[in-house]
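S.K.: Prediction below, plus the sequence it came from.
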Amino acid sequence: MSNRITKHGEALRASGMITPIMVFALVLLFIMGATAHAHGVHIFAWMEGDTIYTDSYYSSEEKVKDGVVKVFNSSGEILLEGKTDANGGFVFKIPGPSPLRIVLETGMGHGAEFVIEVDEIASIARTPLPFEEGKDHEMPSTSRSREDVDQVKAVEETTDSSLKPITKALAEIERDKGPGLREIVAGIGYIVGIMGIILYFRAKKRP
Amino acid sequence: MHISEGILSAPVLVSGAALTAAGTAVGLKKLDYDRIPQVAILSAGFFVAGLVHVPIGPASTHLILNGLMGLFLGWVAFPAILIGLVLQAVLFQFGGLTSLGVNTLNMALPAVICFYIFRAGIKSGNMTLSIATSFLCGSGAVLLGSLMLAVSLALTGEHFLVVAKIAVIAHIPVMFIEGLIAALCVRFLRRVKPEVLEVVYEQQNNKTW
């Protein structure tokens, strides 16, 4: 039956390992060229003052352009929606006091989300938020004078701007650099392991 | 091609998982002891192929290799793709664990369908015909996969034609590359190790379909 196709096979049949080796060589070749590119989608958000900055990127470092970003509150209502710019960024003012769920959709079923908790918002956004302004007047008068408040604000602004590189750096650390050789080898190892387990159990059933 | 966590509605996720479970059961039943290493190699190939980014075209796409899996494995493509996807989800954060069922179905069902459509051509004695049908099998599975992706998204409320158009156009370069890979693999195996292909098709034929 087999010599119907070709006779070259006869000569090479002795080296039965040739196909698996070829396949693995190909796979390894792909790994070398491909580790920099992958397909996970991520969104990271951080706060400066009353503004939330988001950064959307694929695991390949590539920025998500024109990705749809939707912001939901804790009860699942949509608060605002927008598109990422060419650098994967999308910036908005904190729209409300609840934990915010920031959802990124890049089409074709790809997406990611990031949640910013309420106390995080409260502690970082010390400046009165737009929705809190009314409360300020109702509160019993504090000893703070107008100048004090201005001074505090000025200090906060300087800290915010000097902390900016650190926040950015943290965001960089947080981001997943995409699968490395370790993950790839681990995955292949798992598959070989699964093969071993199946072979083991099937072998016992054989007569 | 990988649908992320939290995109699809629960009924779509559940029915996808149920169909995948059924397909996997059929695949495991058809899995021969002697072919387990071959399945594992193809599964590993599928697992890694997801990392091969295809930079041509409008969207970020990558190789899928489901056509090649179907060509060699038939129904066994279900368990093989499932394993590859579990590991891609856990290690690479591709797709998600809840959308695993739908994702497996979207990639493995086209593989099985293409296996049935093209198997007669692939095992034919005519080399040119065999290579041509292998190409169609490789690219056809990607085309069907993008359509199934569009169907899954449409079931959750997105407009089918809009998503389908984007998905199919984005995968055109992938279709071409995977057709080529399938054709090259079959050509190579027919020249060098023809019994591999014959074993695949004979064993599958001996079983009750």
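M.R.: Yep, that arrived. Worth saying up front: this structure is predicted, and the values here are computed from it rather than measured. Numbers count the residues shown, from 1 in each chain, chains lettered A, B, ... in the order given.
S.K.: Show me what the lengthiest helix in chain A is packed up against.
M.R.: Using DSSP state H to define each element, chain A has its longest helix at helix A:146-174. Helix A:146-174 sits against strand A:41-48, with contacts defined as 3 or more CB pairs under 8 Å, 6 or more residues apart in numbering or on different chains; DSSP states H and E. In short, each C-beta sits where N, CA and C put it, glycine included.
S.K.: hmm, back to that, for the longest helix of chain A, which positions count as buried?
M.R.: Neighbour-count burial for helix A:146-174, with 16 or more other CB atoms under 10 Å in any protein chain shown as criterion, is recorded at A:156, A:160.
S.K.: which other helices and strands contact the next helix or strand along the chain from it?
M.R.: Of the helices and strands lying after helix A:146-174 in sequence (DSSP states H and E), the nearest is helix A:181-205. Helices and strands touching helix A:181-205, by 3+ CB pairs under 8 Å, 6+ apart, are helix B:36-49, helix B:77-92.
S.K.: and the angle from helix A:181-205 to helix B:77-92?
M.R.: Counting by axes from the mean of the first three to the mean of the last three CA atoms, to 10 degrees, helix A:181-205 lies at 140 degrees to helix B:77-92.
S.K.: what pLDDT does B:Asp32 get?
M.R.: As predicted, B:Asp32 sits at a pLDDT of 85.
S.K.: neighbours around it, how many?
M.R.: The burial count assigned to B:Asp32 is 16, neighbours taken as other CB atoms under 10 Å in any protein chain shown.
S.K.: Run through chain B and note the low-pLDDT ranges.
M.R.: Low-confidence segments of chain B (pLDDT under 70): B:57-60, B:199, B:202-209.
S.K.: Grab the most central residue of it for me.
M.R.: Centroid-nearest residue in chain B: B:Asn66, 2.0 Å away (criterion: CA atoms, centre = their mean).
S.K.: mind listing what that residue touches?
M.R.: Residues near B:Asn66 by CB atoms under 8 Å, 6 or more residues apart in numbering or on different chains: B:46, B:77, B:81, B:107-108, B:110-111, B:141-142, B:145.
S.K.: near chain A too, which of these?
M.R.: Among the contacts of B:Asn66, none lies close to chain A by the criterion of CB under 8 Å from any CB of the partner chain.
S.K.: Could you see whether chain A lies near the lengthiest helix in chain B?
M.R.: Looking across chain B with DSSP H, the single longest helix is helix B:160-192. Yes. Shown here: helix B:160-192 in contact with chain A (CB under 8 Å from any CB) through B:163, B:166-167, B:170, B:188-192.
S.K.: sorry, back to before: now do the longest helix of chain A against strand A:41-48, angle only.
M.R.: If you take the same axes, to 10 degrees, helix A:146-174 sits at 160 degrees to strand A:41-48.
S.K.: Most neighbours of all the residues of helix B:160-192 next to chain A, which one?
M.R.: Tallying neighbours with other CB under 10 Å puts B:Ala167 at the head of those, with 24 neighbours.
S.K.: what sits against the closest residue to that one other than its chain neighbours?
M.R.: Closest residue to B:Ala167 apart from its sequence neighbours, by CB to CB, 6 or more residues apart in numbering or on different chains: B:Ser146 at 4.0 Å. For B:Ser146, the contact set (CB under 8 Å, 6+ apart) comprises B:1, B:164, B:167-168, B:170-171.
S.K.: Wasn't A:Glu81 part of a helix?
M.R.: No. The assignment for A:Glu81, made by DSSP: H, G, I helix; E, B strand; the rest coil, is strand rather than a helix.
S.K.: The residue nearest to it when sequence neighbours are not counted: which element?
M.R.: Of all residues not flanking A:Glu81 in the chain, A:Lys70 sits nearest, at 4.8 Å (CB to CB, 6+ apart). Taking DSSP H and E as the criterion, A:Lys70 maps to strand A:68-72.
S.K.: quick one, that strand and strand A:41-48 angle?
M.R.: Taking the same axes, to 10 degrees, one finds that strand A:68-72 is oriented at 60 degrees with respect to strand A:41-48.
S.K.: residues contacting residue 102?
M.R.: Picking chain A for this. Counting by CB under 8 Å, 6+ apart, A:Ile102 touches A:43, A:45, A:52, A:54, A:69-72, A:113-116.
S.K.: not what I meant, chain B
M.R.: Neighbours of B:Val102 in contact, by CB under 8 Å, 6+ apart: B:3, B:8, B:12-13, B:16-17, B:20, B:152.
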